Structure formats: C-alpha cells, structure tokens
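Student: here is my input; please provide its structure:
(chains A, B, C and D)
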Protein chains: 2
Amino acid sequence: MSNRNIGIKDVAVAAGVSVTTVSHVLNEVSYARVSPGTKDRVRSAAEQLGYGPNRLARALRTQRTGMLGLVSEDIATTPHAGRIILGADEAAKARGYNLMIINTSASASLESREADVEALLERRVDGILYATMYHRNVELPANLGSVPSVLVDSVAAGGDITAVIPDEEGGARAAVAALLEAGHTRVGFINNTDDVPATHQRLRAFRATLSDAGLDGGAAPVESAVSEVQGGYEAALRILAREDRADVPTALFCYNDRMAIGAYRAAAELGLRIPEDLSVAGFDNQELIAANIHPGLTTVALPHYEMGAWATEHLIDAVEGKTDLSLMALHPTILGCPLVRRDSIAAPRA
Amino acid sequence: MSNRNIGIKDVAVAAGVSVTTVSHVLNEVSYARVSPGTKDRVRSAAEQLGYGPNRLARALRTQRTGMLGLVSEDIATTPHAGRIILGADEAAKARGYNLMIINTSASASLESREADVEALLERRVDGILYATMYHRNVELPANLGSVPSVLVDSVAAGGDITAVIPDEEGGARAAVAALLEAGHTRVGFINNTDDVPATHQRLRAFRATLSDAGLDGGAAPVESAVSEVQGGYEAALRILAREDRADVPTALFCYNDRMAIGAYRAAAELGLRIPEDLSVAGFDNQELIAANIHPGLTTVALPHYEMGAWATEHLIDAVEGKTDLSLMALHPTILGCPLVRRDSIAAPRA
DNA sequence: TTGAAAGCGCTAACAG
DNA sequence: CTGTTAGCGCTTTCAA
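Tutor: Residues are numbered from 1 along each chain as shown, chains lettered A, B, ... in the order given. Model (predicted):
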C-alpha cells in the first residue's frame, strides 16, 4: 500500500542517489541515461517505501494536471448523464486523465455556471467538457474559452466551439424505415412541442422517409404534445380515434420512449394490441422503460456513451497538441443513433 | 474573466505591495492587519488583472486540496448514482470542496478498484467517498484506509469504516402499513432471490408489520424470484393464481419497482385491475418507471441524494478535524426511506 | 552516468 | 501595518 508521506527525496536517500536520478528512472525519461543497476536500486527503494508520486507537485511544475473538468447539466434528472460520464471516464482513464465533475442546472444563471467553470479553472484542469442532458442550443459561460473545451449533446449559441451531437435525423429515419419495412403504409408521428433541434429534425426525417418510400409524407398524421407520458397518451388518442377508420395509422413513431408509453396506454384503452394491431417505435432507448414495458419497445438509442468518449478523446488530443479544436468547431460532429429492436413492431393486419 | 497567467506576484507588483500582503487580503487572513487603503488597492489590482488563485500551488503548500474523491460503482447502470453524485456535489460545493469522480464496477477486481483509489490518492484528495449502487457488503480496497473515507449505500466486510445506508426495514414497514391502512388483510410479498441485506430486511419488516397488526405474518404468501420484471411477473402469477380464491391476496408488496411492473402485467392478464381489484406497492421509486406506469406506483424512495449529502458532510467534518469518523464507524448510519404515494393502492373490494 | 539547483505559485513563520 | 524568506514535491536545465 502506498504511503502518502514518502517523497522522491526519501527514495533518493534510500537508493543512495540524487532526486534527479529517481525522477529519471521513475518517469522513464528517454534522454536520461541511468545504469541498469541504479535503476533497480531506485525502483526497489520506491517499492519498499511505498512511494507514490504527488501529482499536485508534478502538475505545478509541468503546468499540466492530467485532469479534465466535466460540467454536467442536471446530472440526476436523466439517466443519460451516467452514460456520458461513463464514456468520458473510460476514455480519460485510458489516457491517464481523471475527471472533476461539477453539476449545474440548465436553468442556472449564466453567472452561476461561470462560477462552476471558474472552480475548474482554479484547479487548472487541462480541458473542459460541457455536457447537457438533451440536444439543444446553450449559452455558454464566457470563461469556458480560456481552456480547450468541447460541448457534449448541444451546440453553442455562438457556434464557435467543438461539439458532438446525436444524428437525430438518421435515428428517426431508421425508426420509420423499420415501420415501413414491416409493411406499414399508414404511420403517424407523435411529436414533442418543445422548440428543440430534435423536434424539427425528427419531423423532417419522418416526412422524408415516407416520401422516399413513395408515400405521401406531407399528409401523414402528426400530433404534438408535451413530451411526457400524458402527452403521448393524448396525442395517440387523437391520432388513433379518428372517424375515418380506413385512414387510421397502423403504426406510430413517437418522439421519445415516455410518449410511447402513453401511446401504449391509449392503444390498450382502444382495444388495440401491440404489435398485432398497432406497431410502435420510440426514441431515446431509456432502458428502464423500453426494456421493461410489455411488449419491449423498439426504439432509437442516443449515443451518450459514445459522445462522452468522443469528446474526451478529442479534448485530450487538443490538450496534447495533437488536434486543433478550432478546426473542428465549424460543424458539430454527428454520432449515429442505432435502432434497438425489441418487440413492438410487426406487420400490419391484412 | 479570469486570466490563468496572472499570479499573486503580478498583483503585488501592480498594487505596489508584497506578495504577503496580497495573500493576506485576498484570503482575508484574520491575524493579518492591513490598512483599508492597501486592501482596496490589492483587491482592485487583482480584479483588474483578472487574478484567480492557483489551487494547485495552494494545495501543495497547505497540504489540503479541497478535493474529495468519489468512487462510484456502476455509474451508468442505475439512475441512483446520479442522485448520490448530486447530493455529494451540492454538499461539497456548499463547503468549498469539489469532487473527483472515478467509475468502477462492482465486478471489478480488488486490484483494479485499488488502482482507482490510488489515482485519487496521488491527486491528494482530502477524503474519499465510496459509493455502491445498492445496499450490500463490499470488500474494500485496502488503500482506502489511508485517508478519511465513508461508504455510501453499503457496509464494509470488515465493518470498521463509517457508512450510511437506507432504512430498509422502515421503508418496507411503511409500504406494508399503507396497504393495511387501506383495509387489506391478505397481502402478499414478492421478494428478491439475491442474498443482499434488503432481501432479508424487507421480508422481516413485512412479517413484523403484519404481525403487529394482528395478522398472521408467518402465513402470508411470499414468492421470490429474480428481481426484474419477468421475475415479478412470475412470482405475482404464482401468488395470484392460487386455487383457493378466498386466500388470494388483495394487495402485493413488491421488492422493487421493476418487479412491481411484472405484477402489473400479471394482474392485467388475470383480469385484475389496479387498484380496484389489486393494490400494489413497490420499492426504489425509480421515477422513470413508478411515475410513468398506469396507475402511478406507490413505492418507497431510497435516500440516495441524502446519503450522498450526509456522507460528504461528515467526510468534510472529518477532514477538517471536526469529527472523528472512527467513532461513527461502529454502526452504520441509517437514513429514512419515505413512502411516495401515487395511485396503486385502494381499499379492497367488499 | 549522475547530481546541483532553480523554480512552478502559493502560505506562513518571522522580522521589522 | 508590511515585507523577506523558506519551503510544499516535483521536473528539468545545466554542469560535472
């Protein structure tokens, strides 16, 4: 077990060499030439004493902490944060970095978020990841710019910072395509009412996919509501309880998994069985919901883990001078949203 | 915006004083006596230059980083981690501390978890929080002991480290009591098969609560299964589909919310409506599930936020010498599990 | 091959 | 009331 009170100096004394030599061998400095015997003596002395480096001192000297700051909006309110953190943590760990996490809120004032970034800056993190819990436009604290940083799951209002976001359109297209492939020709879309990128992009993809398949995308039923269970329920009812039975969709694409749950309930109340009478596709792949309802919900997964990892990977590259983030800042990087197939899609009734 | 390249020395020069004075006024050192005029000059010089302290240098000097390490088991697999982190982060922030987070896995080797702790130690965190994602007995990395630390949501195999855990029995008792208060006299328990403290404690509380109410706790039906939806479904079927209808419970207490979902499904298949024909109570209060199924599930909330905050609060007290953790290590601290009432409990049919 | 010494930015004991 | 100075533990230049 390593001993916090042992320094390089103690190792030097024990090994009968200078601190320089200790530093050289322990860090395997390439240009330093140390005899094998000395190396051994140093290493075993270090081992013996339970020496562990003091990263603070090293950082003070090298001007590099090996720490990345992660400011995460609303860590506890969505399960997505965990996946971003995990992706970031694993990518960081793989390259010898660690994460300092600060939680903030999307509704927090710009000053308070600036203070959060300041705390990270005072600790001299090498770079900062700024993660939001859903894809949107954020107004960033100005001091973010004083260190390399990348945005996760959102784009900056100014638009001059490297960002990584999900491929909303591709994901929506995959979901609708799955519905079409199953044979459906009348599919409805239950959309969100919030003015966020996903709302518009998923709608666009919905329409385009239908059109591409030779269906009248413009005429397909779309109902919007608050993006929660209740909204999904109401919107589904509006779509499914139409007068003209012939026109009623046999499949529903839902803005997210929570709305899909609402659709499940609406279907149950109308005596429609899923997937026999109605096919449903969701978005988000919130495991807890999608895998646990019956039948399992086919839905689109958001690449939170991947975004966290990608952002960290590139942030570290920038910190180490291997990449110029400003070159990537022009356009956000878009990561795929794979379809997760479960049991909520089947062929329509003959 | 603060400038990373400005040091205390630059401020001193700008204000025409010594670094000592700058340090004294910026840190509001109590014993130092500085004239108001000088104070003002120092402060405005600092402001002007955009001075921000270098916490690394300060830490190196004071032997205190103001950083707490949080090693969290399986950050992404349960939504609980987020609440622990949030509780810890807010408590830490309130006292001027920050969190370094490292993810690990319950199934990771002792060595790998020891390496995680080592990384924290090298960064000279003042203390460590070790959080697990469900209440159990853990084998802790030995190097954890070299710095003040507290366990969140579990107790140590050795039992000599301060820990905070949920009041499983109290929570279970509250849930069963709610069922009894609604008028039920035949209630069943769908339990977990895992050998974790919760399994035994919730069962004990279930039996005790029935007995205390004058019912035959020992004879109440208990079925165990894997603590997932499917297990809950199967166990519920076993309890509800008994031959002797008179004995069939009118209420079910479920080990967790996922199993409760399974019970919902079993009830639906048997033509039992919730809560009219069957009342159900869960455990965990996984918002995503409990609030989103229909009807909303009455369940017991685990105090993850509170445990995170409590642990942090006391860890900081120990770091600052205000508490002796070893005195608290004798018995784990138990935090309440409040009942969250929704719509899954009603009076039994006449 | 190895070592002496400067200095990263700060705090605090001590001196004036 | 204010300043000088010695480190905190490490890396790295330069010299031997």
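
Student: dihedrals phi and psi, whatever residue of the stretch 201-350 of chain A ends up closest to DNA strand D?
Tutor: DNA strand D sits closest to residue A:320 of the stretch 201-350 of chain A, with a gap of 13.4 Å, by C-beta to the nearest atom of the strand. Just so you know, the C-beta spots here come from the backbone N, C-alpha and C atoms, and that holds for glycine as well. Main-chain dihedrals, residue A:320, degrees, to the nearest 10: phi -90, psi 10.

Student: with residue A:79 instead?
Tutor: Torsion angles at residue A:79 (phi, psi; degrees, to the nearest 10) stand at phi -80, psi -10.

Student: contact partners for it?
Tutor: The contact partners of residue A:79, taken as C-beta atoms under 8 Å, 6 or more residues apart in numbering or on different chains, are A:286-288, B:76, B:79, B:82, B:288.

Student: how about TSV for those residues, with pLDDT added?
Tutor: Output for those, formatted as TSV (pLDDT from 0 to 100):
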residue	pLDDT
A:286	94
A:287	91
A:288	91
B:76	83
B:79	85
B:82	93
B:288	91
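
Student: what about the residue of the stretch 201-350 of chain A closest to DNA strand D, how many neighbours?
Tutor: 13 (other C-beta atoms under 10 Å in any protein chain shown).

Student: what's the pLDDT at it?
Tutor: Residue A:320 carries a pLDDT value of 95.

Student: ok, back up a step: ok, so of the contacts of residue A:79, who is nearest residue B:191?
Tutor: If you rank these by distance to residue B:191 using C-beta to C-beta, residue A:288 comes first, at 20.8 Å.

Student: mind checking the SS state of that closest one?
Tutor: At residue A:288 the chain is in helix, as set by DSSP: H, G, I helix; E, B strand; the rest coil.

Student: so it touches residue B:291, yeah?
Tutor: No. Under the criterion of C-beta atoms under 8 Å, residue A:288 is not in contact with residue B:291, lying 11.5 Å apart.

Student: more crowded one of these two?
Tutor: residue A:288 (19 against 16).

Student: any idea how far the more buried one lies from residue A:233?
Tutor: As for residue A:288, its distance to residue A:233 is 19 Å (criterion: C-beta to C-beta, to the nearest Å).

Student: cool, and residue A:344?
Tutor: Residue A:344 is 16 Å from residue A:233, by C-beta to C-beta.

Student: the more surrounded of those two?
Tutor: Per other C-beta under 10 Å, whichever of residue A:344 and residue A:233 has more neighbours is residue A:344, with 27 against 22.

Student: which strand or helix spans that one?
Tutor: Of the helices and strands defined by DSSP states H and E, none includes residue A:344.

Student: separation between it and residue A:273?
Tutor: 11 Å.

Student: same check, this time on residue A:343
Tutor: 12 Å.

Student: and residue A:43, by the same measure?
Tutor: In this view, residue A:43 and residue A:273 are 69 Å apart by C-beta to C-beta.

Student: quick one, which of those two is more surrounded?
Tutor: residue A:43 (16 against 12).

Student: number of residues surrounding the closest residue to DNA strand D within the stretch 101-250 of chain A?
Tutor: Nearest to DNA strand D, among the residues of the stretch 101-250 of chain A, is residue A:124, at 12.8 Å (C-beta to the nearest atom of the strand). By other C-beta under 10 Å, the residues close to residue A:124 number 21.

Student: residues of chain A that sit close to DNA strand D?
Tutor: A:5, A:7-9, A:19-20, A:23-24, A:26-27, A:29, A:53-54, A:57-58, A:60-62 (C-beta under 7 Å from any atom of the strand).

Student: of these, grab the buried ones for PyMOL.
Tutor: Those of the residues of chain A next to DNA strand D that count as buried under 16 or more other C-beta atoms under 10 Å in any protein chain shown are selected in PyMOL with:
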select buried, chain A and resi 7+8+23+24+26+53+54+57+58+60
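
Student: near chain B, from the residues of chain A next to DNA strand D?
Tutor: A:53-54, A:57, A:60 (C-beta under 8 Å from any C-beta of the partner chain).

Student: next step: those residues restricted to helices.
Tutor: A:57, A:60 (DSSP state H).

Student: residues touching residue A:91, list them.
Tutor: A:308-309, A:312-313, A:316.

Student: which of the helices or strands spans it?
Tutor: Taking DSSP H and E as the definition, residue A:91 sits inside helix A:80-94.

Student: neighbouring contacts of the next helix or strand after that helix?
Tutor: Of the helices and strands lying after helix A:80-94 in sequence (DSSP H and E), the nearest is strand A:98-104. Applying C-beta under 8 Å, 6+ apart, the contact partners of strand A:98-104 are A:66-76, A:85, A:88-89, A:92, A:112-113, A:116, A:119-120, A:123, A:125, B:67, B:85-86, B:89-90, B:93, B:98-102, B:119-120, B:123.

Student: mind checking which of the residues you listed are buried?
Tutor: Burial by neighbour count, judged by 16+ other C-beta under 10 Å, picks out A:66-76, A:85, A:88-89, A:92, A:113, A:116, A:119-120, A:123, A:125, B:67, B:85-86, B:89, B:93, B:98-102, B:119-120, B:123 from the contacts of strand A:98-104.
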